[in-house]
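here are the coordinates; sequence isn't available:
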């Protein structure tokens, strides 16, 4: 479970590991904003959210859409299969790569259940959803920066 890092102005920046967050606290780069209630006996309680002491300018981040990532697709779709609604563990290309679909396009990838012969990703295989008898429960879209940096517990 990651720790949310807030800018000094309370905007979410990204998530880091607990160990990284503790190093930030030790270096006085950040302060604990919220804890998860447990204490592991050190100087600091286990952080859930930390806030930077100094403001970090992030203009570069908002100059374009977020970069595609597998983790981002799963997070955008709420770890739910776009075809059946079960827990998604993999990413599926709506238009298969063999048919000219883009590998790293937000608009061509959706979260899908996988890992078994009966999963939606296996059933669809190298076909379009219509050819496989599947339909998308929602259309793929480009997510916002805030959506990708929202913590899992929010």
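Sure, I can see it. Note that this is a predicted model, so its numbers are computed, not measured.

domain-wise, how is the protein divided?
Domain ranges of the chain: 3-62, 70-146, per automatic domain parsing.

what mean pLDDT does the longest one have?
It stands for domain 70-146. Mean pLDDT, computed over domain 70-146, is 95.

just how off-centre is that domain within its chain?
Here domain 70-146 is found 15 Å from its chain centre; the criterion is CA atoms, centre = their mean, to the nearest Å.

now the helices for the protein?
Assigned by DSSP state H, the helices in the chain fall at 18-26, 70-76, 120-124, 129-132, 145-148.

closest to residue 84 out of those helices?
helix 120-124 (5.4 Å; CB to CB). The way it works is simple: take the backbone N, C-alpha and C, and place the C-beta from them, glycine included.

will you turn the domains of the chain into TSV that also has mean neighbour count?
As requested, the domains of the chain are exported to TSV (neighbours: other CB atoms under 10 Å):
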stretch	mean neighbour count
domain 3-62	14
domain 70-146	16
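
of the helices of the chain, which is nearest residue 8?
helix 18-26 (12.8 Å).

packing partners of that closest one?
strand 3-6, strand 30-35, strand 47-52 (3 or more CB pairs under 8 Å, 6 or more residues apart in numbering; DSSP states H and E).
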